[in-house]
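1. Give me a model of this one.
(one chain, ligands or ions: 1)
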Amino acid sequence: MPSTRERTPDNSARWATDPGALVYGLDLSRFADSDGDGFGDLPGAMARLEHVASLGVTWIWLLPFYPSERRDNGYDVDDHLAVDPRFGDLDDLREFLAKARDLGMRVLIDAVPHHTSDRHPWFLAACEDTDGRAGKFFVWSDDDSTEPGDHPMFPGEEESVWAFDERAGRYYHHQFYSFQPDINATDPDVFEEIVQLLTFWLGVGVDGFRIDAALLLVQGKGRPDTDVDDGVFFDRLRARLREIRPDVALIAEASEPPEAMAALIENDRFDAVIDFSLNNATFLALARERAQPIVDALSRLDQNIPADSRLNFMRNADELDLSLLSDEERREVFAAFAGDDDALIYGRGIRRGWAPMLQPAQRVRMTLSLLHALPGVPLLQAGQELGQGDDLAVEGRGAARTTMQWDDSDGGGFTAAAVSPLTLGAQVDGPFGFRTVNASAQEDDPGSLLSLARDLARVRREAHAAAAGWTTVEVEDRAVLALRRDGLLTLHNLSSREASAEIGAGRVALLADGWATGTLAPYGFAWLRTA
Ligand code: BGC
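-> Prediction:
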């Protein structure tokens, strides 16, 4: 589909060029524990990298592994330049990177330049001298009055974007938790520090970064002159990083409409954005059992962000954030998938995990296929390939953050510890727990979700199903999403009823579930090629 924004041709990270490019989000703390302390680590993850490669993964995204109290799952960084000793050390990381590379995967790490933790040396120094050089790293105020639109990201958990620090005798700005003071991106020393810390990790051997809260980093922070020009900031950042590593990959995380995200990929500033708008539209389409919301979202996206610069997900690592829908649309999705109020969060999202939320199992299968079929690069979070569950008894966003379920042994193969603080109660005895849902049981079962994930990757690779170049095809049955690229056609029935999909003769199914020529079973899908 034509795009109004063309990429510059020097996309040297070759971000989406591997046939069937696929990103896998991996939280080391929850993946595999090698030393029995109940906490995942680098050696544990290294021993499981073949599993990751078997899914067709081309990029691993490592969630924050820095020293941290982990009050915000590691996004409360105490030191940007080290590995939390619970995970291992820099040499372990180097080994992990080398093994990933040997298996054909590149590695992005989470970079969190938007804020630090309140224990970070930058903040401790700043509190001593808010007007001095250290103080300029953060945003200070003598009062806690808020500008319109400047509200905490976690309503209900935080009341204000300002917190008072006794040492400083002033308020500091925090968009997220009060233990995460916001960095002041306007300060030239701050820019230089960000360059230095990303340079450090490139030296260790990582291939790129997911920049956390990318737009918030450059946006104003509740006081005049606290915003910087995103183009200038990120162009300079990119240029500096390319001096070190010409093919560095930069991915932006921000939940904004496509028009706002477009600026991030202009001029090759970022290779891709993690796009929430198609995810929101997909849930609306699933709630309505109609393809139209996805068709509309794709056309809006295509006008703003080329498909190979978009990262798609069904369920990311936080809540299912539906803030890009209208209030009425969001209510429709809540009614269809939240179950009860306990599943809701921040007035904008759902805490449930993918598999329990989208039961029956056939709909989970269809949405896994859909994720691989949507124009853009798909992003899976570890465990989603198995259909792992959630635990609403756990507070907040932690409800859907599960440890990996490798087998049905005590600890689920994740840990040998008698108890892991990270394994959710429902993982031990719930219907989606490791006794029933685990990698080992699914390994040799051709009907398992894991086998489907591998089959989808194989088909995408073999059919050269690139991220870009897809067009939507009009079909009569409104429940069916049809997408075409070259000789490839994918069909997904979003509804719980049988759907018709007359597509003419002369096609062979590369992969199908619930497809008989011209008909899709409830939540059926098919990947077809011109004969
Ligand atoms: C992460 C969240 C985190 C927030 C603040 C987001 O991008 O996905 O888990 O709480 O940034 O760091």
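2. the longest strand in this protein is where?
-> When the chain is parsed with DSSP state E, its longest strand is strand 519-530.
3. Buried residues, that strand. List them.
-> 520-529 (16 or more other C-beta atoms under 10 Å). Where you see a C-beta, it was placed from the backbone N, CA and C, and this is true even at glycine.
4. Likewise for stretch 350-367?
-> Here stretch 350-367 shows 350-358, 362-367 as buried, counting by 16+ other C-beta under 10 Å.
5. And stretch 502-517, by the same measure?
-> Neighbour-count burial for stretch 502-517 [16+ other C-beta under 10 Å]: 503, 507, 510-515.
6. Just send the residues you listed back as CSV, with secondary structure too.
-> Compiled in CSV, the buried residues of stretch 502-517 are given as follows (DSSP: H, G, I helix; E, B strand; the rest coil):
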residue, secondary structure
I503, coil
R507, strand
L510, strand
L511, strand
A512, strand
D513, strand
G514, strand
W515, strand
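7. Using TSV, lay out those together with distance to Y24.
-> Listed next are the buried residues of stretch 502-517 as TSV, based on distance: C-beta to C-beta, whole Å:
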residue	distance to Y24
I503	32
R507	31
L510	22
L511	20
A512	25
D513	23
G514	27
W515	27
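8. Please produce JSON lines containing these, extended by distance to A32 and pLDDT.
-> Output for the buried residues of stretch 502-517, formatted as JSON lines (distance: C-beta to C-beta, whole Å; pLDDT from 0 to 100):
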{"residue": "I503", "distance to A32": "43", "pLDDT": "84"}
{"residue": "R507", "distance to A32": "41", "pLDDT": "91"}
{"residue": "L510", "distance to A32": "32", "pLDDT": "97"}
{"residue": "L511", "distance to A32": "29", "pLDDT": "98"}
{"residue": "A512", "distance to A32": "34", "pLDDT": "97"}
{"residue": "D513", "distance to A32": "30", "pLDDT": "98"}
{"residue": "G514", "distance to A32": "34", "pLDDT": "97"}
{"residue": "W515", "distance to A32": "36", "pLDDT": "96"}
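9. from those, which are also near the ligand?
-> Among these, none lies close to the ligand by the criterion of C-beta under 6 Å from any ligand atom.
10. which other residues reach the longest strand of the chain?
-> 360, 362-363, 365-366, 369-370, 373, 456, 459, 463, 480, 487-501, 503, 506-515 (C-beta atoms under 8 Å, 6 or more residues apart in numbering).
11. SS state for G347?
-> coil.
12. who's in contact with it?
-> 155-156 are the contacts of G347 under C-beta under 8 Å, 6+ apart.
13. E95: how many residues sit nearby?
-> 14 (other C-beta atoms under 10 Å).
14. cool, and the one 4 residues further on?
-> By the measure other C-beta under 10 Å, the count of residues near K99 is 16.
15. Rounded mean pLDDT for the helix or strand hosting it, please.
-> K99 is part of helix 90-102 when elements are defined by DSSP states H and E. Average pLDDT, helix 90-102: 98.
16. Within the sheet, what are the partner strands of the helix or strand following it, with directions?
-> In the C-terminal direction, the helix or strand that comes right after helix 90-102 (DSSP H and E) is strand 106-111. Sheet partners assigned to strand 106-111 using DSSP bridges are listed as strand 59-62 (parallel), strand 208-211 (parallel).
17. Any residue of the last one touching the ligand?
-> So the one you mean is strand 208-211. No: Strand 208-211 lies apart from the ligand when judged by C-beta under 6 Å from any ligand atom; the minimum separation is 8.5 Å.
18. tell me, how many neighbours does the closest residue to the ligand within the stretch 51-200 of the chain end up with?
-> For the stretch 51-200 of the chain, the residue closest to the ligand is Y75, as judged by C-beta to the nearest ligand atom, at 3.2 Å. Counted with other C-beta under 10 Å, the neighbours of Y75 add up to 22.
19. what does D302 give?
-> Neighbours around D302, by other C-beta under 10 Å: 22.
20. Check the one 3 residues further on too.
-> For I305, the tally of surrounding residues (other C-beta under 10 Å) stands at 26.
21. Tell me if I'm right that it and I265 touch.
-> Yes: using C-beta atoms under 8 Å, I305 makes contact with I265 at a distance of 5.7 Å.
22. Could you export the helix holding K99 as PDB, CA atoms only?
-> Coordinates of each C-alpha in helix 90-102 appear next as PDB, following Å, rounded to 0.1, in the frame of the first residue of the first chain:
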ATOM      1  CA  LEU A  90      28.500  -8.400  31.900                       C
ATOM      2  CA  ASP A  91      30.400 -11.600  30.800                       C
ATOM      3  CA  ASP A  92      27.200 -13.600  31.100                       C
ATOM      4  CA  LEU A  93      25.500 -11.000  28.900                       C
ATOM      5  CA  ARG A  94      28.300 -11.200  26.400                       C
ATOM      6  CA  GLU A  95      28.000 -14.900  26.200                       C
ATOM      7  CA  PHE A  96      24.200 -14.600  25.900                       C
ATOM      8  CA  LEU A  97      24.700 -12.200  23.000                       C
ATOM      9  CA  ALA A  98      27.200 -14.400  21.300                       C
ATOM     10  CA  LYS A  99      24.900 -17.500  21.500                       C
ATOM     11  CA  ALA A 100      21.900 -15.500  20.300                       C
ATOM     12  CA  ARG A 101      24.000 -14.400  17.300                       C
ATOM     13  CA  ASP A 102      25.100 -18.000  16.600                       C
END
